[in-house]
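Participant: Structure, please.
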Amino acid sequence: MLSRTADNLYWLSRYAERAEFVARILDAAHRLAALPSSYGGGETNEWASALASAGDPEVFKPLYDSVNEATVCNFLAFSPHNPSSIRSCIETARENARSVRTALTTEMWDAINGAWLELRNYEGRDLNRDEFSRFLEWVKGVSLAFDGSAYRTMLRNDAYWFTRLGTAIERADNTARILDVKYRILLPATEKVGGSLDYFQWTTILREVSAFNAYHWVYRESVKPLLVADLLILNRQMPRSLTNCYGMLVEHLDLIADAYGRRGASQRLASNTLARLEGENIDRVFRSGLHEFVTAFIVENNRLGAAVIEQYLV
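Facilitator: Next comes the predicted model:
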């Protein structure tokens, strides 16, 4: 396969995954902003949290005067100046898909191209909160349709493996950022850890990564920050957990290495990170600092992304 084709497939999957992540972050912010005042509604910094998790504050600052629902929603959903806005993600994913049209199945192309066409119906409109919520659900559906069509219709060859690499690296980064932003930013200084607002925020995060039911199936007790982190970091059964994402990465990087008869830095980095995650303990993670652990993981995940690009995509 040409490195250019692999590059398009890799970034197509990353941007499709990122669009869904941004939609989930915005949905979570809306849920938290709707809290009654007795839970701290209207006093939390959910919009700053959404911006920190899914956007670049340095890009945001020159464009908007303040951080609030209207500005953050516009920046993360529709701004052409934000390369990670939903609009930009779908547009970039479609550009990559068009470049490798013959490497995609009809269902994959229809999912991305159809989303790009449908997006025009939302741009430039003054959406009320209900309409915006339906828009976010539509974005989640686009990502599910694309990911499902790839899983159900692609040959299990190098084209499929590179789409899986893009999905897994992006998903791992997104999960880590959700955890870090919740732990560092979302809970106001006036609120206590373990209080009603803290509980509602962790519950909202579980719902937004489609893990609420999974949490109760695994732990069979009330929501606790340590157990939420355990599910999203170390539990291999959880599709969005860091450990499961790295299991996917190791599997597909090994398949690529076997197909091309050569291993390199990306295989070593992925295997080493997976081994560290599988040998980790959530109590030890919290003792050493969840923020420090997640920050180090994001750095390592970025290193792996750079290694994949250097080894296969240039």
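Participant: Spatially, and excluding backbone neighbours, which residue is closest to the spatially most central residue of the chain.
Facilitator: Of all residues in the chain, the one closest to the mean position by Cα atoms, centre = their mean is residue 174, 3.2 Å from it. Take residue 174 and drop its neighbours on the chain: the residue closest to it by Cβ to Cβ, 6 or more residues apart in numbering is residue 21, 4.2 Å away. C-betas here are computed from N, CA, C, even on glycine.
Participant: Hmm, that neighbour is touching residue 50, no?
Facilitator: No. The pair residue 21 / residue 50 is not scored as a contact, 11.2 Å apart, by Cβ atoms under 8 Å.
Participant: What about this protein, which residue is the most distant from its middle?
Facilitator: Using Cα atoms, centre = their mean, the residue of the chain lying farthest from its centre is residue 261. It sits 31.4 Å away.
Participant: measure residue 152 to residue 19 for me?
Facilitator: Going from residue 152 to residue 19 by Cβ to Cβ, to the nearest Å gives 20 Å.
Participant: give the contact list for the residue nearest to the centre of the chain.
Facilitator: Shown in contact with residue 174 (Cβ atoms under 8 Å, 6 or more residues apart in numbering): 17-18, 21, 240.
Participant: Count the neighbours of the residue nearest to residue 264 when sequence neighbours are not counted for me.
Facilitator: Residue nearest to residue 264 in three dimensions, not counting chain neighbours: residue 311, with 4.7 Å by Cβ to Cβ, 6+ apart. Residue 311: 19 surrounding residues under other Cβ atoms under 10 Å.
Participant: mind giving me the domain split of this protein?
Facilitator: 1-154, 156-314 (automatic domain parsing).
Participant: Straight-line length of the longest one, end to end?
Facilitator: Looking back up the chat, that one is domain 156-314. End-to-end distance for domain 156-314, by Cα to Cα, to the nearest Å: 23 Å.
Participant: and if you look at the first one?
Facilitator: The first and final residues of domain 1-154 sit 15 Å from each other (Cα to Cα).
Participant: how close does residue 169 sit to residue 255?
Facilitator: For residue 169 relative to residue 255 (Cβ to Cβ), the value is 16 Å.
Participant: and those two? which has more neighbours close in?
Facilitator: Neighbours per residue (other Cβ under 10 Å) separate residue 169 from residue 255, with residue 169 holding more: 24 against 16.
Participant: could you point out where the stretch 1-150 of the chain is predicted with low confidence?
Facilitator: For the stretch 1-150 of the chain, residues meeting the criterion pLDDT under 70 lie at 35-44.
Participant: just how off-centre is the lengthiest helix in the chain within its chain?
Facilitator: Assignment by DSSP state H gives helix 3-33 as the longest helix of the chain. The chain centre lies 6 Å from the centre of helix 3-33; the measure is Cα atoms, centre = their mean, to the nearest Å.
Participant: from here on, count from 21
Facilitator: Sounds good: first residue 21 from here, last item helix 23-53.
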